[in-house]
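Chemist: From the sequence below, what's the structure:
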Amino acid sequence: MSRARSHWPLYLAALAFALQTAVLLWLSRRLTDGHLVYALDDAYIHMAMAKNLAHHGVWGVTPFGFSSSSSSPLWVVILAAIERGFGGVGLAPLLLNLVSGLGLLALGHFALRDFAVSRGQAAAALLALVVFLPMAPLALVAMEHLLQTALALGFAWQIVRQARRPTRSGTAVLLALGFALAALRYEDLALALAGAAVLAFRRRRVDALLLSVAALAAPAAYAALALAHGETPIPNSLLLKGNLPHAGLSGLIHLLGYTACVQLSMNPHMLVLMVGGLFAVGAVRGQKQGRGPVVRTLLFLCLATTLFQLQFGGFGSFYRYEAYLVALWLLAIAAALPALVESLGARMRRGSDVALLACGLALFGVPLAVRFVQATINAPVATRNIYEQQYQMGRFLARYYPERGVAVNDIGAVDYLAELRLLDLWGLANSDVMRARRAKQYGAGEIEELARVHGTEVAVIYADWFDGSGGLPPGWVRVGQWTIADNRICGGPTVTFFAVIPGEAPALAAHLREFSSELPATVAQRGAYLSASN
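Modeler: Numbering: from 1, shown residues only. Purely as a prediction, here's the structure:
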């Protein structure tokens, strides 16, 4: 058989990924007046940091100072290298995601060949990766998660290879992957350390130690950099978004597994993957050679990383946080497919058995299929949301408030499109805000003082975000509002423009009135600024 025919599962999955991505991009551009816009504002945080690193040598969302705003240092460095070498980082995240997606499928294909999975079963597994991750919507998110998933899958495969037939070159590859994983996403430390545990169990203790050091190297280097700039050693995004333990009896209960149970109950797709893993273990039970050790090693990696993510990480946020876990579970189940098929084939003696199996498979696939459908529908609409809200905010601030004091609570597109003296009222870019929020000492008085210290002139924010902490300073003057329809991804449908300095209200109103004709017609505008006499 020719080499091309032997690789048909890879070609089929790559074609499915490419076609779906092309369709979603076409739909997105129709909804964004022909602009390339990504489905999450967070993508623009990395793009802003990359631009500032490439052109100003500053690790931050603005060129005016360090900010601990990203938990994906390697992604920022990659984007900065592209910006420095070629200029125009705007298209780079999409292209990197396309390359990462194809690399993910190639790694899955060759791993399954190594595990002696048939071509038909491999094709089903690779298509499951495309659909259930889901890969095309993640490409429109334009963040690091497809690259993270490719690295995680490659790492798991390499752990199996090293546990089976250790080589020096294999160890070098494993160390490089361990370093890259933790440098790309902090939660991948759990996967790297689980891999080190597998090596230690196999009595490869030196390799296990080296892998642990390689995985910890990037977070340690970042911690040193942050401390040198007077920041916390852990990125603000982890401190604000992660499920970190806190003091007291409630914190102890959460630490002992309550958080994990709650998150699992809210993410049934992870539950069905774990159940599928149990069937995979059952299919290879008693096999001490060949497929048995492979499947057990993969499932150990899956279980360790999933439990860590359930307890300390997040899920959702446009299907991205758990994408690498979905891929790892699918790889482990696919590695057991020959044994599963053989076991089930021996038991399928009646039509009722076949019907029962079909119902079980349908039930297994429903949560993953629902997630795929939701992601496919939401992705183009999310790009329109970002275009109508954050993208327009960035254009407005770039024109009227360059290098001036502005408070926001969505920092991506505004900082990518404009260079601002930023006050991030949610804390990703300002550690003084982050510390106040974590200490639960964050109200109107603290916000007013922060705005004074940072020289803030205007604020463009989701005003209702602050209702639970005592509201906004009473001296801020509400000048206008923009509201989008059918919001799928933004923090709220309405952003409000405030004059923080009372004397700025007339100028802000004039700027909003002048800009109003340039907004998409679907953005509803409210406020006194719409009256020419104001």
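Chemist: residues touching residue 319, list them.
Modeler: 133, 134, 137, 138, 371, 375 (Cβ atoms under 8 Å, 6 or more residues apart in numbering). Every C-beta, even on glycine, is put in place using the N, C-alpha and C of the backbone.
Chemist: 10 Å - rerun?
Modeler: Contact partners of residue 319, counting by Cβ atoms under 10 Å, 6 or more residues apart in numbering, are 132-134, 137-138, 141, 145, 269, 326, 371-372, 374-375, 378-379.
Chemist: start to end distance for stretch 432-446?
Modeler: 10 Å (Cα to Cα, to the nearest Å).
Chemist: Low-confidence ranges, the stretch 351-500 of the chain, go.
Modeler: Where the stretch 351-500 of the chain drops to pLDDT under 70, the residues are 351-361.
Chemist: Where do the helices of it begin and end?
Modeler: Taking DSSP state H, counting those that start in this stretch to define them, one finds helices in the stretch 351-500 of the chain at 351-386, 392-400, 412-417, 431-438, 444-453.
Chemist: Tell me which of those sits most buried.
Modeler: helix 412-417 (a mean of 27; mean count of other Cβ atoms under 10 Å).
Chemist: Does anything pack onto it? Which helices or strands?
Modeler: helix 42-56, helix 392-400, strand 405-408, strand 421-424 (3 or more Cβ pairs under 10 Å, 6 or more residues apart in numbering; DSSP states H and E).
Chemist: do that again at 7 Å, thanks
Modeler: Judged by 3 or more Cβ pairs under 7 Å, 6 or more residues apart in numbering; DSSP states H and E, helix 412-417 is in contact with helix 42-56, helix 392-400.
Chemist: buried stuff in the first one?
Modeler: By neighbour count, with 16 or more other Cβ atoms under 10 Å as the criterion, the buried positions of helix 42-56 are 42-54.
Chemist: ok and it relative to helix 392-400, angle-wise?
Modeler: 30 degrees (axes from the mean of the first three to the mean of the last three Cα atoms, to 10 degrees).
Chemist: what's next to whichever helix or strand comes after helix 42-56, contact-wise?
Modeler: Next helix or strand after helix 42-56 toward the C-terminus (DSSP states H and E): helix 73-86. With contacts defined as Cβ atoms under 7 Å, 6 or more residues apart in numbering, helix 73-86 is touched by 46-47, 49-51, 53-54, 70, 89, 92-93, 96, 144, 180, 183-184, 218, 222.
Chemist: my guess is residue 214 meets residue 179, correct?
Modeler: Yes: contact criterion Cβ atoms under 7 Å: residue 214 and residue 179 qualify, at 4.4 Å.
Chemist: what residue ranges in the stretch 101-250 of the chain score low on pLDDT?
Modeler: Applying pLDDT under 70 to the stretch 101-250 of the chain flags the ranges 242-250.
Chemist: Helices of that one, start to end?
Modeler: Using DSSP H, counting those that start in this stretch, helices in the stretch 101-250 of the chain cover 119-132, 135-141, 145-164, 168-184, 189-201, 205-228, 236-241, 248-253.
Chemist: out of those helices, deepest packed?
Modeler: helix 135-141 (a mean of 27).
Chemist: could you say what helices and strands that one packs with?
Modeler: Short answer (3+ Cβ pairs under 7 Å, 6+ apart): helix 135-141 packs on helix 8-31, helix 92-114, helix 145-164, helix 351-386.
Chemist: The ones you listed into TSV, with extra columns for distance to residue 339?
Modeler: Formatted as TSV, these follow (distance: least, Cβ to Cβ, whole Å):
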stretch	distance to residue 339
helix 8-31	19
helix 92-114	14
helix 145-164	16
helix 351-386	15
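Chemist: closest to residue 277 out of the ones you listed?
Modeler: helix 351-386 (11.5 Å; Cβ to Cβ).
Chemist: of the contacts of residue 319, closest to residue 446?
Modeler: For these, the nearest to residue 446 is residue 141 (33.0 Å; Cβ to Cβ).
Chemist: For stretch 121-140, measure first residue to last.
Modeler: Span of stretch 121-140 from end to end, Cα to Cα: 28 Å.
Chemist: Quick one: residues in contact with that stretch.
Modeler: 9-10, 12-13, 16-17, 20-21, 24, 28, 38-39, 94, 97-98, 101, 104-105, 108-109, 112, 145-146, 149, 319-320, 323, 326-327, 330, 334, 337-338, 368, 372, 375-376, 379, 383.
Chemist: and residue 15, how far is that from residue 6?
Modeler: 16 Å (Cβ to Cβ, to the nearest Å).
Chemist: let me fix that: residue 92
Modeler: Taking Cβ to Cβ, one finds residue 92 at 33 Å from residue 6.
Chemist: hmm, back to that, can I get the helices of the stretch 101-250 of the chain in CSV with distance to residue 475?
Modeler: Shown next, in CSV, are the helices of the stretch 101-250 of the chain (distance: least, Cβ to Cβ, whole Å):
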stretch, distance to residue 475
helix 119-132, 51
helix 135-141, 38
helix 145-164, 42
helix 168-184, 43
helix 189-201, 45
helix 205-228, 34
helix 236-241, 27
helix 248-253, 36
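Chemist: Can you tell me which of the ones you listed is nearest to residue 314?
Modeler: Short answer: helix 236-241, nearest of these by Cβ to Cβ, at 5.9 Å.
Chemist: from the chain's centre, how far out does that closest one sit?
Modeler: A distance of 13 Å separates the centroid of the chain from that of helix 236-241, by Cα atoms, centre = their mean, to the nearest Å.
Chemist: same deal with stretch 37-54?
Modeler: Using Cα atoms, centre = their mean, the offset of stretch 37-54 from its chain centre is 13 Å.
Chemist: so how far is residue 342 from residue 28?
Modeler: Where residue 342 is concerned, residue 28 sits at a distance of 44 Å (Cβ to Cβ).
Chemist: Could you check which of those two is surrounded by more residues?
Modeler: residue 28 (23 against 10; other Cβ atoms under 10 Å).
Chemist: can you tell me which residues contact the more buried one?
Modeler: 37, 140, 380, 383.
Chemist: how about a cut-off of 8 Å?
Modeler: 36, 37, 39, 140, 379, 380, 383, 384.
Chemist: before we move on, what about residue 462?
Modeler: Residue 462 touches 409, 410, 491, 492, 494, 495, 496, counting by Cβ under 8 Å, 6+ apart.
Chemist: Residues in contact with stretch 98-105: which ones?
Modeler: 10, 13-14, 17-18, 21, 126, 129-130, 135, 138-139, 146-147, 149-150, 153, 327.
Chemist: returning to what we had before: adding distance to residue 166, write the helices of the stretch 351-500 of the chain out as CSV.
Modeler: Below are those laid out as CSV (distance: least, Cβ to Cβ, whole Å):
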stretch, distance to residue 166
helix 351-386, 35
helix 392-400, 51
helix 412-417, 44
helix 431-438, 44
helix 444-453, 55
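Chemist: closest to residue 531 out of the ones you listed?
Modeler: helix 392-400 (18.9 Å).
Chemist: who touches that closest one?
Modeler: Contacts of helix 392-400 (Cβ under 8 Å, 6+ apart): 44, 406, 408, 410, 413-420, 460, 482, 495, 511-512, 515, 518-520, 523.
Chemist: Determine how far it lies from the middle of the whole chain.
Modeler: 26 Å.
Chemist: Restricting the selection to alpha carbons, write that helix to CSV.
Modeler: Provided in CSV are the C-alpha atoms of helix 392-400 (Å, rounded to 0.1, in the frame of the first residue of the first chain):
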residue,chain,number,x,y,z
GLN,A,392,-14.9,49.8,18.7
MET,A,393,-13.8,50.8,22.2
GLY,A,394,-10.2,50.4,21.0
ARG,A,395,-10.7,52.5,17.9
PHE,A,396,-12.4,55.2,20.0
LEU,A,397,-9.7,55.4,22.7
ALA,A,398,-6.9,55.2,20.1
ARG,A,399,-8.3,58.3,18.4
TYR,A,400,-9.3,60.5,21.3
